[in-house]
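Visitor: sequence? don't have it. structure:
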Ligand code: ATP
């Protein structure tokens with residue numbers, strides 16, 4: 001359903017994603033984890049067709065993201081960590097807009113169901129600019145779910161959500177995966193998402209440190225007490241010094257004989 005081949009993204013001289021490859025079948029839920037600046041958001045934005053890769057190829061449902069971007073966008077929903085809502089539209093109008101853009105059949109009942117599920121039913125006539133951060137996040141998630149995408153990319157969706165909303169989100173993700181939707185979920189809260197994830201993609205300094213199942217990640221670090229410990233072990237091996245050793249463009253000369261990492 002989703003394939004990434006040798007994806008590279010440079011922002012000027014900053015190497016954000018360094019020739020990564022992975023693929024996911026339908027119905028998989030992949031945790032995308034890694035330290036700040038690892039390249040998670042950049043990878044998602046490339047997959048969503050929002051930014052062009054410097055090199056590499058991406059496919060969604062057999063469609064090439066670069067060459068068939070419109071068709072890809074009809075099948076893929078990307079929910080960013082800070083959703084850009086229309087401040088002068090109400091909650092209901094946001095869903096109507098998405099329903100119109102994506103030709104959603106029976107959109108009113110689907111919208112009502114989603115708003116009820118995420119505790120936003122009483123806000124249907126409220127303007128987006130009156131919503132709390134968590135409510136904005138939930139509205140963006142509802143918009144993403146409304147048109148039944150085949151691939152769902154959720155960037156830090158837990159941020160700002162209260163515990164019942166987190167539970168609701170994770171249950172809904174499992175439900176969607178059961179219907180064959182492929183999901184990538186980026187988060188710094190591995191312990192909170194690990195039980196719903198089938199696969200784990202650990203990134204650091206733009207590279208894939210690990211890709212596989214939770215059992216495989218634990219197996220790589222058998223001394224780890226938890227999956228989170230194994231993740232810490234996987235990411236602690238790639239120190240800034242080691243990063244510069246394998247990837248000199250990550251370093252700049254300070255002029256006093258030292259170098260430091262600029263893209264961690
Ligand atoms: P976080 O966990 O902090 O959200 P991330 O893993 O999502 O981080 P990215 O946002 O993909 O990381 O950033 C990867 C690298 O690319 C970082 O070094 C970042 O500074 C750089 N970067 C991201 N966006 C831009 C941009 N628009 N212009 C220049 N550099 C960028």
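Guide: Nice, I can see it. Just so it is clear, the structure is predicted and the values come from calculations on it, not from any experiment.

Visitor: wait, isn't residue 21 in contact with residue 2?
Guide: No: between residue 21 and residue 2 no contact is recorded; they are 11.7 Å apart, counting by Cβ atoms under 8 Å. Any C-beta I mention is one placed from the backbone N, CA and C, and that applies to glycine too.

Visitor: Of these two, which one has the most company?
Guide: Legend: neighbour count by other Cβ atoms under 10 Å for residue 21 and residue 2, higher for residue 2 (23 against 13).

Visitor: so where do the strands sit in the protein?
Guide: Listed in chain order, the strands of the chain (DSSP state E) span 2-11, 14-24, 29-33, 55-60, 63-64, 76-79, 151-155, 182-186, 199-204, 207-212, 251-253, 259-261.

Visitor: Can you list the strands that the first one pairs with?
Guide: In this case it means strand 2-11. strand 14-24 (antiparallel), strand 55-60 (antiparallel) (DSSP bridges).

Visitor: Let's have those in JSON lines, adding mean pLDDT and distance to the ligand.
Guide: Output for the strands paired with strand 2-11, formatted as JSON lines (pLDDT from 0 to 100; distance: least, Cβ to the nearest ligand atom, whole Å):
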{"stretch": "strand 14-24", "mean pLDDT": "97", "distance to the ligand": "3"}
{"stretch": "strand 55-60", "mean pLDDT": "97", "distance to the ligand": "15"}
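
Visitor: Redo those strands as JSON lines? Include distance to residue 190.
Guide: Output for these, formatted as JSON lines (distance: least, Cβ to Cβ, whole Å):
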{"stretch": "strand 14-24", "distance to residue 190": "18"}
{"stretch": "strand 55-60", "distance to residue 190": "25"}
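
Visitor: low-scoring pLDDT stretches of the stretch 101-250 of the chain, where are they?
Guide: Applying pLDDT under 70 to the stretch 101-250 of the chain flags the ranges 237-250.

Visitor: which bits of this protein sit near the ligand?
Guide: Listed as neighbours of the ligand in the chain under the rule Cβ under 6 Å from any ligand atom: 11, 14, 16, 34, 36, 37, 38, 39, 40, 41, 42, 263.

Visitor: Tell me the buried residues within those.
Guide: Buried by 16 or more other Cβ atoms under 10 Å: 16, 34, 37, 38, 39, 40, 41, 42, 263, out of these.

Visitor: Nearest residue to the fourth one in space, ignoring adjacent ones along the chain?
Guide: When the adjacent residues along the chain are set aside, residue 38 lies closest to residue 203, with 4.1 Å between them (Cβ to Cβ, 6 or more residues apart in numbering).
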